[in-house]
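>>> Predicted model, plus sequence, below.
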Amino acid sequence: MRQKEERCVITFHTTEASIAMEKAGREKGIPGRLIPVPQDLSAGCGFAWCSEPKWQEELIHLLDEKRIEYEAVVQRKV
């Protein structure tokens, strides 16, 4: 069984926004991936962006820069 690690998790209202985040993250070279929304969180769509916590500030800046709407940015063990 894989051990859970602390991650920065971003939830979105729409699938379109989650896919836009995936594209923006790749373009900026920020490591991360789309995951199903963790059970203890809720989101308008079923996807969340997951990355290392050290990237949280850069991710929030990227979301604002690209005007990608999101619900929440949290740190969780995933």
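Sure thing, it's come through.

>>> For residue 34, which non-adjacent residue is closest in space?
Spatial nearest neighbour of residue 34, excluding adjacent residues (C-beta to C-beta, 6 or more residues apart in numbering): residue 47 at 4.9 Å. Glycine gets a C-beta too; all of them are placed from N, C-alpha and C.

>>> Pop out the phi and psi values for the one you found.
The phi and psi torsions at residue 47 (degrees, to the nearest 10) take the values phi -120, psi 150.

>>> Give me the neighbour count for it.
Other residues lying near residue 47 total 21 when counted by other C-beta atoms under 10 Å.

>>> From residue 17, how far out is it?
From residue 47 over to residue 17 the distance is 9 Å, taken as C-beta to C-beta, to the nearest Å.

>>> Could you check how far the top helix by length along the chain is from the centre of its chain?
If you go by DSSP state H, the chain has its longest helix at helix 15-28. Relative to its parent chain, helix 15-28 has a centroid offset of 9 Å by C-alpha atoms, centre = their mean, to the nearest Å.

>>> Please apply the same query to stretch 68-78.
Chain-centre distance of stretch 68-78: 5 Å, with C-alpha atoms, centre = their mean.

>>> mind listing what's buried in it?
For stretch 68-78, the neighbour count (16 or more other C-beta atoms under 10 Å) marks 68, 70-71, 73, 76 as buried.

>>> and that stretch, average pLDDT?
The pLDDT scores in stretch 68-78 average 93.

>>> and that stretch, how far apart are its ends?
Start-to-end span of stretch 68-78 (C-alpha to C-alpha, to the nearest Å) is 23 Å.

>>> same deal with stretch 28-40?
29 Å.

>>> What residues of that stretch count as buried?
30, 32, 34, 37-38.

>>> Show me which of those residues has the smallest pLDDT value.
residue 38 (86).

>>> Please report how far that one lies from residue 27.
Separation of residue 38 from residue 27 (C-beta to C-beta): 25 Å.

>>> got the contact list for the residue nearest the centre of the chain?
Nearest to the geometric centre of the chain sits residue 49, at 2.3 Å (C-alpha atoms, centre = their mean). Applying C-beta atoms under 8 Å, 6 or more residues apart in numbering to residue 49 gives the contacts 9-10, 12, 18, 21-22, 25, 32-35, 59.
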